[in-house]
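Trainee: I'll drop the sequence and a predicted model, then ask my questions.
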Amino acid sequence: MLEPGDAGAFLAGFSDPVVHENTYGGRLAPTRAAIDAYLARVAQRIADGEALILAALDRADGTFLGTTMLFRFEPDRVAEVGFWLGPAARGRGLGTATIALTLRWGFDELGLRRVEGLTAPGNLLSQRAMEPAGMRREPDRDGFVLYASEED
C-alpha cells in the first residue's frame, strides 16, 4: 500500500513533468502539502473499496519507483488502472511489469472482468507499457485512448 512515509519519494517522482502532466487528471499538485493530503486518504480509500493504491518498489532494495492503482470500480466488475514511474525507473520494462502485476491482482483477487487504462493521445510512454502487459487498443473515446483486457 502507498503510505504517508512515501511522501518524499512520491513528490520527487511526481514532480517530473512527464509524470505530473499525465497523471491524476491535473487534480493533484506537485507540492508536499498536496501529496501529504493525498497519501493521508489512501488507507481509507482502500478500506472503503474505492481504490487499490500501491507503491511500486524496486525488488532488489525496496526503493520507491512510482505507483500503481486500480480505481473507478463499476458494478459490472470493471475498473481503471493507473500507474506512473519516476524517471530513474523508466526504460527497463518496469512499467509493463507493474501493470501486468496490477492486472493479475485485479482479475485473480478482486474478480474484475475488465480493466481499462485511459491515456491522453500523446502519452506514448504509458501506451507502450500497456500493450505488452496484455492490454488491447480500442477506438478513441472523448480524446483519450482506451485499452482493455478481459478475463475469459
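Mentor: Yes, it's here. All figures in this text were calculated on a predicted structure; none of them were measured in a lab.
Trainee: Let me know the secondary structure of residue 60.
Mentor: At residue 60 the chain is in coil, as set by DSSP: H, G, I helix; E, B strand; the rest coil.
Trainee: what's the spacing between it and residue 94?
Mentor: 12 Å (CB to CB, to the nearest Å). (Glycine included, C-beta is placed from N, CA and C.)
Trainee: Same check on residue 22?
Mentor: 16 Å.
Trainee: do the same with residue 53
Mentor: 18 Å.
Trainee: repeat for residue 86
Mentor: For residue 86 relative to residue 94 (CB to CB), the value is 10 Å.
Trainee: Could you tell me which residues touch both of those two?
Mentor: Contact criterion CB atoms under 8 Å, 6 or more residues apart in numbering; residues bridging residue 86 and residue 94 by contacting each: residue 65.
Trainee: Looking at these two, which is more packed in?
Mentor: residue 86 (21 against 18; other CB atoms under 10 Å).
Trainee: For the more buried one, give its distance to residue 79.
Mentor: For residue 86 relative to residue 79 (CB to CB), the value is 24 Å.
Trainee: contacts for stretch 82-91?
Mentor: Taking CB under 8 Å, 6+ apart as the rule, stretch 82-91 contacts 9, 12-14, 16, 18-19, 22-23, 56, 58, 64-71, 94-95, 98-99, 102, 117, 125-126, 129.
Trainee: I meant stretch 116-135, not that one.
Mentor: 18, 22, 78-83, 90, 95-100, 103, 115, 137, 140, 143-149.
Trainee: For ChimeraX, write the select line for the buried members of those residues.
Mentor: Buried members of the contacts of stretch 116-135, defined by 16 or more other CB atoms under 10 Å, are picked up in ChimeraX with:
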select :18,22,78,79,80,81,82,83,90,95,96,97,98,99,100,103,115,145,146,147,149
